[in-house]
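> can't give you the sequence, but here's the structure:
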């Protein structure tokens, strides 16, 4: 059972702050700082600050609370993704999204003039990368098991 005292609530607040802290980087241009100061503040908000505050939050929570939350997160991830048996239709939809997400990346690599220039190209490539990741979750747990087996050597010694 979790001991819900001041350390628990302070640790949870620190963990939430470490997750939300990078979003504050979007507000830095509104402060009117110089370029060097803005870069330093954004770097602190994105790279250094969340890690330090997260470690402080974990230390405040203690070992039992941290293990409890990591167990719950792993259990939720497994039940949502890995343990799910998907239908044949869902698997093939995920597989087709996966294959189609490669098309813009190959076009950019071999025929970059075929893609629009400027920001549109970035949006197309970013959406291709995100759809690739999304397709992995659509294909479900059996695909993850197949993917895991790729990295396991099963030959004779």
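Received, thanks. The shown structure was predicted, so the numbers you read here are calculated from the model rather than taken from an experiment.

> Can you give the contact residues for the longest helix along the chain?
If you go by DSSP state H, the chain has its longest helix at helix 88-110. Identification of contacts with helix 88-110 by C-beta atoms under 8 Å, 6 or more residues apart in numbering yields 86, 114-115, 121, 124-125, 127-129, 131-132, 134-140, 142-143. To be clear about C-beta, it is placed using only N, CA and C from the backbone, and glycine gets the same treatment.

> Drop anything exposed from these.
86, 124, 128, 131-132, 135, 138-140, 143 (16 or more other C-beta atoms under 10 Å).

> thinking again about what came up before, mind checking the pLDDT average for the longest helix of the chain?
The average pLDDT within helix 88-110 is 90.

> list the helices and strands the next helix or strand after that helix packs on?
For helix 88-110, the following helix or strand on the C-terminal side (DSSP states H and E) is helix 119-139. Helix 119-139 sits against helix 88-110, helix 141-150, with contacts defined as 3 or more C-beta pairs under 8 Å, 6 or more residues apart in numbering; DSSP states H and E.

> I'd like the distance from helix 119-139 to the chain centre, please.
13 Å (C-alpha atoms, centre = their mean, to the nearest Å).

> and the angle from it to helix 88-110?
150 degrees (axes from the mean of the first three to the mean of the last three C-alpha atoms, to 10 degrees).

> Now tell me what touches helix 119-139 from outside.
In contact with helix 119-139 (C-beta under 8 Å, 6+ apart) are residues 81, 86, 90-91, 93-95, 97-98, 100-105, 108, 115-116, 143-144, 147.

> how much does that helix deviate in direction from helix 141-150?
100 degrees.

> Distance check, the residue nearest the centre of the chain against residue 153.
Most central in the chain under C-alpha atoms, centre = their mean is residue 133, positioned 9.6 Å from the mean C-alpha point. Distance of residue 133 to residue 153, given as C-beta to C-beta, to the nearest Å: 26 Å.

> now residue 34
54 Å.

> Setting aside sequence neighbours, what's the nearest residue to residue 57?
residue 14 (3.1 Å; C-beta to C-beta, 6 or more residues apart in numbering).
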